[in-house]
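Engineer: how would this look folded up:
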Amino acid sequence: MLIWHLLPTLASALVAPGSRIEILKRISVAGGTLTRFSHSSEETKTPMVASVFIPPGLEYANEIPALYWLSGLTCTDENFCQKSGAFAHAARHRIAVIVPDTSPRGAGVEGEDQDYDLGTGAGFYVDATAAPWSANYRMHSYITKELPALVEREFKISPKLRAIFGHSMGGHGALTIAFKDPEGWASVSAFAPICNPTECDWGKKAFGAYFGAVSDGAAHDASELLRKHGPFPSLGTVLVDQGTDDEFLGKGQLRPEALEEAAASVSQPLMLRRREGDHSYYTISTYIGEHVAFHADALKVKAKAMRAAAAAAAPKRVGASPLLPVVQPETAGKAITCKAAVALAPKQPLSIETIIVDPPKAGEVRVRVIANALCHTDVYTWEGSDPEGLFPCILGHEAGAIVESVGEGVSSVKPGDHVVPCYTPQCNEPDCIFCRSPKTNLCPRIRGTQGKGLMPDGTTRFKRADGTPLYHFMGCSTFSEYTVLAAISCAKVHTAAPLEKMCLLGCGVSTGWGAVWNTCKVENGASVAVFGCGAVGLSVIQAAKLSGASRIIAIDLNPQKFTAARAFGATDFVNPKDIEGPIQQHIIKMTQWGVDYSFDCTGNTEVMRAALECAHRGWGTSCVIGVAASGKEISTRPFQLVTGRKWVGTAFGGWKSRSDVPKLVERYLDGELEVDAYITHTFKGVGATNDAFEALHGGDCLRAVVVY
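Structural biologist: The predicted structure follows:
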């Protein structure tokens, strides 16, 4: 149960000054955030209260799918929050829950005698037309217009991915709201709804008061709406659970048989389940998980349909940049002249040149690079720290691209496909024990030539205008308008995904996510320490938050990084400059025995040691993500490992590139994963690559993206 009364009331506004929303309570529950707030109402002319639950990490999504709950006659939003048990299920299914307080508070009419079943909040969720109720009883408009507009603005709730359910009068409200606007909701369900209010005492009393005539209530009666306007194919199956021990069944107030008859008359799919239970929250909590799963499935189906429709509506767009020309197929089989940023020698500014890109050979793909993100690994090689770094070369490995042509034998992609180049290939050949094993993503098929800056046949596809060959980099070389890749390095992604954002999934962000989910498998309630709050560190924080980590400690020498770390989910912040003694000892004091998981995102070998030594005695795991400079070694006392700590490393987060990157893109399109927030700087044209390098060295840059 949530102990609301122990929480302080916050006077700060949730959003920018001028907003009329004020936070009343904020609490962490089921790994996510539950916010209760008040706001003034245009429609109801009285202050309103609502609660919003956002699952862990979903606050960073582009558009959050949501399930609206409508309470019964005398219930508040707090009843639902404390008693239903819905939030753990919502967190599991990655959907938000919106809970308005719809309990009776009086009509606000002088001298009006208030009954418990009439008021500004309770009832059948209608807009009253008869005095005195018409003055402020506007619950249908509030639920369908004002509240959605507010939560869409303040919490990034999706206006198109909504489902609705409720209990008793709220169950009837959910049914009528969905039946009046079936295209606006993905699904509807109810617990013990008052199915036919024009034929029961509650409905006759309410409709007589709100409209002046019970007969006017027929336009707001779920059974009558279904009989007159159904069926509603867009809603799919309507789900209703009715307790067999419900005290109101025998009083003729609920009338589920009327809804069954109406559904049968118009062939509306209806799953009306008579189950053990009564009219209480005990019954709701017993079956709430099934209802949340029911709506989550419907929301996913609708999200995929929306994504497919968006892709079909924009078949001629290249990536997400309508200014870019469509790839011309006549270039296939011919050398292409284009611009590239060439690294001639370590630490020299990149030379913006016209180069020649040869056509792909067998097993290869030539792509047009649409956008390129800069990663610190590019800088690491450019600075001369990479023992495999070769010059002159074309750097770059975080990109989004479109296939221009393919070489002999390539069937995995075709011209026009959108791809994310991946420096970790996936050959999927039957004889590759690495690709066949679920334990690793390190396919060695082209590792020998890739490390030498060459294509699989031992040659290069680049040359300068004077004929000088140019080396490839990490099998990608995306600092060029065109590049050639091994087909096994191309992850084909959905065309609806904007390539200037999906480029980030080619390395850093994916690596951080995978370190948490694949390498360490951080579980709900775990404690985590993240050393380094750049883009990789923030992606670790984001993934840990999504995994339900209870405590996430962000560690960085630059305190300005903590603002972003907090936004991505960090709970504690440590600047090693501000403490005495080794940082690992400080973390152990903060946590008593150390953290369950620690991650090095710096590439500094001393930090790697600190990360291991602050891991929990007996079971702590420390993951090395950062790439150390050439010749560096890591060390610790063997006692640290003997006492139960594990030291692990990760490459590309353990993702099998061609299988898993498309799935990450799908999760982005479904609104589950946030990528946009990592892009802090954007540049246009290959010629701006040096400017992007400058930005990356600044303290306020997470990822700089160059759109070609």
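Engineer: The stretch 251-400 of the chain: strands as residue ranges?
Structural biologist: Counting by DSSP state E, counting those that start in this stretch, the stretch 251-400 of the chain has these strands, from start to end: 270-275, 336-342, 351-357, 364-373, 398-406.
Engineer: Please convert the ones you listed to a markdown table, extending it with mean neighbour count and distance to residue 683.
Structural biologist: Using the backbone N, CA and C atoms, a C-beta is placed for each residue, glycine as well. Formatted as a markdown table, those follow (neighbours: other Cβ atoms under 10 Å; distance: least, Cβ to Cβ, whole Å):
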| stretch | mean neighbour count | distance to residue 683 |
| --- | --- | --- |
| strand 270-275 | 14 | 54 |
| strand 336-342 | 21 | 11 |
| strand 351-357 | 18 | 13 |
| strand 364-373 | 28 | 10 |
| strand 398-406 | 27 | 14 |
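Engineer: got a markdown table for those strands, with distance to residue 643 and mean pLDDT too?
Structural biologist: As requested, those are arranged in a markdown table below (distance: least, Cβ to Cβ, whole Å; pLDDT from 0 to 100):
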| stretch | distance to residue 643 | mean pLDDT |
| --- | --- | --- |
| strand 270-275 | 52 | 98 |
| strand 336-342 | 49 | 97 |
| strand 351-357 | 52 | 98 |
| strand 364-373 | 40 | 97 |
| strand 398-406 | 38 | 96 |
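Engineer: does residue 377 really touch residue 627, like I thought?
Structural biologist: Yes. Counting by Cβ atoms under 8 Å, residue 377 does reach residue 627; the two are 6.2 Å apart.
Engineer: So the two - more neighbours on which side?
Structural biologist: residue 377 (22 against 16; other Cβ atoms under 10 Å).
Engineer: Now do that one, the pLDDT please.
Structural biologist: Note on residue 377: pLDDT of 89.
Engineer: any idea how far residue 696 is from it?
Structural biologist: Computed as Cβ to Cβ, to the nearest Å, the residue 377 to residue 696 distance reads 11 Å.
Engineer: likewise residue 470?
Structural biologist: Distance check for residue 470 against residue 696: by Cβ to Cβ, it reads 22 Å.
Engineer: From the neighbour counts alone, determine which of the two ranks first.
Structural biologist: residue 470 (26 against 21).
Engineer: so what's the more buried one bridging to?
Structural biologist: residue 462 (DSSP bridges).
Engineer: Contact partners for it?
Structural biologist: 342, 355, 392-394, 460, 462-464 (Cβ atoms under 8 Å, 6 or more residues apart in numbering).
Engineer: where does the stretch 1-150 of the chain dip in pLDDT?
Structural biologist: 1-20, 41-46, 57, 59-62, 103-117, 119-122 (pLDDT under 70).
Engineer: And the pLDDT at residue 315?
Structural biologist: Per the predicted model, pLDDT is 48 at residue 315.
Engineer: cool, residue 581 as well?
Structural biologist: For residue 581, the predicted pLDDT is 95.
Engineer: quick one: it from residue 607, how far?
Structural biologist: Distance from residue 581 to residue 607, by Cβ to Cβ: 15 Å.
Engineer: Compare the two (neighbour count), which wins?
Structural biologist: Remark: of residue 581 and residue 607, residue 607 carries more neighbours, 23 against 9, as counted by other Cβ under 10 Å.
Engineer: Let's verify the more buried one: helix, strand, or coil?
Structural biologist: Here residue 607 is helix, with the state taken from DSSP: H, G, I helix; E, B strand; the rest coil.
Engineer: Give me the pLDDT value at it.
Structural biologist: The model's pLDDT for residue 607 equals 98.
Engineer: Does it touch residue 613 like I think?
Structural biologist: No. Contact criterion Cβ under 8 Å: residue 607 and residue 613 do not qualify, at 10.7 Å.
Engineer: quick revisit: which one of the contacts of residue 470 is nearest to residue 227?
Structural biologist: Residue 227 lies nearest to residue 394 out of these, by Cβ to Cβ, at 68.2 Å.
Engineer: where does the chain have low pLDDT?
Structural biologist: Using pLDDT under 70, the chain drops low at 1-20, 41-46, 57, 59-62, 103-117, 119-122, 311, 314-329.
Engineer: quick check, distance from the top helix by length along it to the centre of its chain.
Structural biologist: Looking across the chain with DSSP state H, the single longest helix is helix 281-313. In this view, helix 281-313 has its centroid 15 Å away from the chain centroid, taken as Cα atoms, centre = their mean, to the nearest Å.
Engineer: Quick one: buried ones out of the contacts of residue 470?
Structural biologist: When burial is judged by neighbour count using 16 or more other Cβ atoms under 10 Å, the buried members of the contacts of residue 470 are 342, 355, 392-394, 460, 462, 464.
Engineer: and the residues you listed as a markdown table, adding distance to residue 365?
Structural biologist: Shown next, in a markdown table, are the buried ones among the contacts of residue 470 (distance: Cβ to Cβ, whole Å):
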| residue | distance to residue 365 |
| --- | --- |
| 342 | 22 |
| 355 | 18 |
| 392 | 23 |
| 393 | 19 |
| 394 | 16 |
| 460 | 16 |
| 462 | 15 |
| 464 | 22 |
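Engineer: and those residues, which two are the farthest apart?
Structural biologist: Longest span within these, Cβ to Cβ: 342 and 460, 12.7 Å.
Engineer: For the residue lying closest to residue 591 once chain neighbours are set aside, list the residues it contacts.
Structural biologist: Spatial nearest neighbour of residue 591, excluding adjacent residues (Cβ to Cβ, 6 or more residues apart in numbering): residue 527 at 5.9 Å. Counting by Cβ under 8 Å, 6+ apart, residue 527 makes contact with 549-553, 591, 595-597, 616.
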